[in-house]
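Colleague: Just to be clear, the model below is a prediction. Sequence and coordinates:
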Amino acid sequence: MRLLGYVFRQSAGLLAFTVFAGSVAGVAAAGLISVIARSISAKNGLVLIWPFVGLCLLTVIAGSLAGIASIRLIQGAMYRMRVDLSRKILATRHATLQKIGRRELYTILNNDILMVTQSFQQMPFLLGQLVLLLACLVYMAWLSLSLFLPFVVLLGSTLAFYFALERIPFRKLVAMRVQLDDLNAALRDLIDGSRELQLNNDRANYFLSEVLSRQAALQRKLANDSLSLFALVSTFGNILFYLIMGVVLFAAPFWGQHPGAELTQFAFALLYILGPIQVLTTSIQSLRNGEIALRRIELLDKTLPESGADDARSDTRDPWTRAPSSLSLQSVLYRYRDELDELSYTLGPIDVELRSGEITFIVGGNGSGKTTLGMLLLGLYEPMGGTILLDGVIVDSDNRDRYRQHFSAVFADFHLFEQLLQKDREAMDHRANAYIARFGLQSKVTADGGRFSTIKLSSGQRKRLALVASFMEDRPIYLFDEWAADQDPEFKRVFYRELLPDLRARGKMVIVISHDDAYFDCADRVLRLGDGRLLDVEVDAARRAAAV
Ligand SMILES: Nc1ncnc2c1ncn2[C@@H]1O[C@H](COP(=O)(O)OP(=O)(O)OP(=O)(O)O)[C@@H](O)[C@H]1O
């Protein structure tokens with residue numbers, strides 16, 4: 001039902017057509033049974049040949065149309081589900097995404113959507129079988145009400161019993177899906193940490209036997225338990241059904257007169273509906289898988305805000321029409337909470353003002369809060385206290401998305417896109433190739449057709465390419481988090497002594513998180529953090545250094 005509900009919301013018309021075609025196929029198949037059953041007891045069975053051929057054709061045509069329509073319906077629904085979720089993820093606060101966790105997001109986007117697709121895909125066939133079953137029941141009632149009534153009561157009780165029993169393997173299936181997150185985390189560790197593991201066989205063996213195999217074995221156990229139980233429940237259900245057939249047929253002579261032909265046709269219909277019943281009971285497990293996956297997707301969907309609910313999208317009114325000249329933090333506070341929702345770290349309160357045409361360094365020891373302050377400045381974290389003002393305008397959830405559009409950043413754990421992700425590819429290629437040459441990468445990579453020719457480069461080279469992408473954005477405010485950490489001495493000098501002053505000369509506000517104390521003199525202002533507090537603000541560092 002959940003699955004049908006979702007598809008219905010996506011495209012009611014196509015769903016109605018699928019249901020209609022599937023039902024026609026089911027009714028036609030039931031008509032075939034009636035024709036075959038009648039031909040067994042008819043004196044001249046040949047007269048039924050045209051109805052037989054016609055119903056065969058109708059079953060095939062309606063069944064095929066239902067199949068094709070359902071494929072389009074489901075693929076369309078899955079496409080929209082993927083795009084909607086991706087859009088919502090982009091509209092979600094970074095802190096919320098961090099809380100949900102990468103592995104959960106990956107499992108939902110990869111595994112769960114695929115699972116739902118597979119589960120949906122059999123819907124029209126199952127619907128056809130259900131309609132066939134219902135049509136056969138109607139036919140059986142028409143054949144003999146006195147045989148049908150005890151049969152239908154027994155069938156109803158068996159089905160109720162079956163669904164009560166089926167809750168047990170269903171619970172195991174839910175546990176299996178929950179554990180899949182842990183298995184996927186181990187698999188990601190295997191892939192991301194393969195170098196470290198290949199260097200140390202003892203660690204690799206421990207990882208294989210104690211981490212990965214353990215998770216894989218747990219998944220196997222849960223799968224074995226749930227699938228075996230499903231198979232048992234299904235077989236049990238089928239046997240009960242045979243028992244019902246036996247009870248109805250053997251006991252028939254004891255409750256009323258039944259002509260031979262009526263009994264034969266009823267027995268034939270009974271045998272025939274065994275097929276749809278078996279199909280429906282054995283497909284329950286796959287439907288349940290789809291249902292569990294869809295629940296995870298819906299849960300994520302609810303956790304993520306409606307488009308624009310977290311931070312209004314940038315199509316809202318822009319309070320900043322000119323390039324900003326000042327960015328102030330007033331008593332800004334941010335707190336991390338641990339798994340138990342207890343406070344684990346506090347940054348701030350921080351009061352500081354940054355200006356355009358200035359280079360500001362944020363310095364301090366590991367864990368002093370530099371990156372956290374950077375995230376607050378970028379508008380990727382929302383302050384838990386205090387205010388951020390850009391050109392005197394308070395940044396809030398109505399304008400935070402607009403605010404973010406003033407920044408370009410290269411994070412310490414940056415992500416390098418192969419595509420330039422900008423329109424007007426030709427002009428962009430031209431600009432990108434100019435930066436590529438300036439950053440000394442022209443022999444390694446080119447920009448062509450809106451993408452880099454390769455991103456398989458050394459880590460320092462990849463970082464230079466990330467700088468190309470950042471410079472291409474041409475934003476009024478730049479933030480670099482330990483950008484120069486893995487650059488050779490020559491390019492480090494170029495970065496601090498040429499590129500940063502160039503940006504400053506172009507009126508940009510430049511924020512640099514750095515441990516390179518040899519270059520602190522490049523800054524107009526140095527913010528020194530210690531244990532989440534702003535210990536010191538050194539102003540005019542660059543000018544004083546030049547004067548010495
Ligand atoms: N996602 C997170 N969840 C919980 N706590 C975090 C998280 N990220 C950082 N912290 C905590 O915040 C503190 C500051 O981290 P931050 O990354 O801002 O430091 P940093 O000064 O940039 O350090 P480094 O120089 O090592 O990059 C850390 O001590 C850590 O305990």
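Modeller: Arrived safely, thanks for sending.
Colleague: Can you classify Val332 as helix, strand or coil?
Modeller: strand (DSSP: H, G, I helix; E, B strand; the rest coil).
Colleague: Ok, the one 4 residues further on next?
Modeller: Reducing the assignment to helix, strand or coil with three-state DSSP, the entry for Tyr336 is strand.
Colleague: That one: what's it in contact with?
Modeller: With contact set as Cβ atoms under 8 Å, 6 or more residues apart in numbering, Tyr336 has these partners: Leu343, Ser344, Tyr345, Thr346, Thr372. For the C-beta atoms, the positions are set from N, CA and C on the backbone; glycine is no exception.
Colleague: Ok, Asp189 next?
Modeller: Phe207, Val211, Leu212.
Colleague: tally of neighbours for the closest residue to Asp488 other than its chain neighbours?
Modeller: What sits nearest to Asp488 in space, not counting adjacent residues and going by Cβ to Cβ, 6 or more residues apart in numbering, is Gly460, at 6.7 Å. For Gly460, the count of nearby residues is 15 (other Cβ atoms under 10 Å).
Colleague: Tell me the spacing between the residue nearest in space to the middle of the chain and the ligand.
Modeller: The residue lying closest to the centre of the chain (Cα atoms, centre = their mean) is Leu109, at 2.4 Å. In this structure, Leu109 and the ligand are 21 Å apart, going by Cβ to the nearest ligand atom, to the nearest Å.
Colleague: mind listing what the closest residue to that residue other than its chain neighbours touches?
Modeller: Take Leu109 and drop its neighbours on the chain: the residue closest to it by Cβ to Cβ, 6+ apart is Leu85, 6.7 Å away. With contact taken as Cβ under 8 Å, 6+ apart, Leu85 is in contact with Ile108, Leu109, Ile297, Leu300, Asp301, Leu304.
Colleague: Excluding covalently adjacent residues, which one is nearest to the third one?
Modeller: Leaving aside its chain neighbours, Ile297 sits nearest to Asp112 (5.4 Å; criterion: Cβ to Cβ, 6+ apart).
Colleague: before we move on, back to that, which of the contacts of Asp189 has the most neighbours?
Modeller: Of the contacts of Asp189, with other Cβ under 10 Å as the count, Phe207 tops at 18 neighbours.
Colleague: So what's the residue count around the closest residue to that one other than its chain neighbours?
Modeller: Leaving aside its chain neighbours, Phe207 sits nearest to Leu197 (5.8 Å; criterion: Cβ to Cβ, 6+ apart). Residues near Leu197, counting by other Cβ under 10 Å, number 16.
Colleague: Leu197 sits in which helix or strand?
Modeller: Assigned by DSSP states H and E, Leu197 belongs to helix 194-198.
Colleague: And for Gly386?
Modeller: strand 385-390.
Colleague: same for that strand, what does it pack against?
Modeller: strand 326-337, strand 343-355 (3 or more Cβ pairs under 8 Å, 6 or more residues apart in numbering; DSSP states H and E).
Colleague: so what's the backbone phi/psi at the one residue in the stretch 51-200 of the chain that gets nearest to the ligand?
Modeller: Relative to the ligand, the nearest point of the stretch 51-200 of the chain is Gln98 (5.4 Å; Cβ to the nearest ligand atom). The phi/psi pair for Gln98 (degrees, to the nearest 10) reads phi -60, psi -40.
Colleague: quick one, the strand holding Gly386 and strand 343-355 angle?
Modeller: If you take axes from the mean of the first three to the mean of the last three Cα atoms, to 10 degrees, strand 385-390 sits at 30 degrees to strand 343-355.
Colleague: List the buried residues of strand 385-390.
Modeller: Across strand 385-390, burial judged by 16 or more other Cβ atoms under 10 Å covers Gly386, Ile388, Leu390.
Colleague: so how far is whichever helix or strand comes after it from its chain's centroid?
Modeller: As assigned by DSSP H and E, the chain's next helix or strand after strand 385-390 is strand 393-394. In terms of Cα atoms, centre = their mean, to the nearest Å, the centre of strand 393-394 is found 35 Å from the chain centre.
Colleague: just checking, what packs against strand 393-394?
Modeller: Counting contacts by 3+ Cβ pairs under 8 Å, 6+ apart, strand 393-394 is packed against no other helix or strand.
Colleague: List the contacts of that strand.
Modeller: Pro319, Trp320, Thr387, Ile388, Asn399.
Colleague: So which of those residues is the closest to the ligand?
Modeller: Ranked by distance to the ligand (Cβ to the nearest ligand atom), these are led by Ile388 at 16.6 Å.
Colleague: Please name the residues that touch the nearest residue to that closest one once chain neighbours are set aside.
Modeller: Once flanking residues are discounted, Ile388 sits nearest to Val395: 4.5 Å by Cβ to Cβ, 6+ apart. For Val395, the contacting residues are Gly379, Thr387, Ile388, Leu389, Tyr403, by Cβ under 8 Å, 6+ apart.
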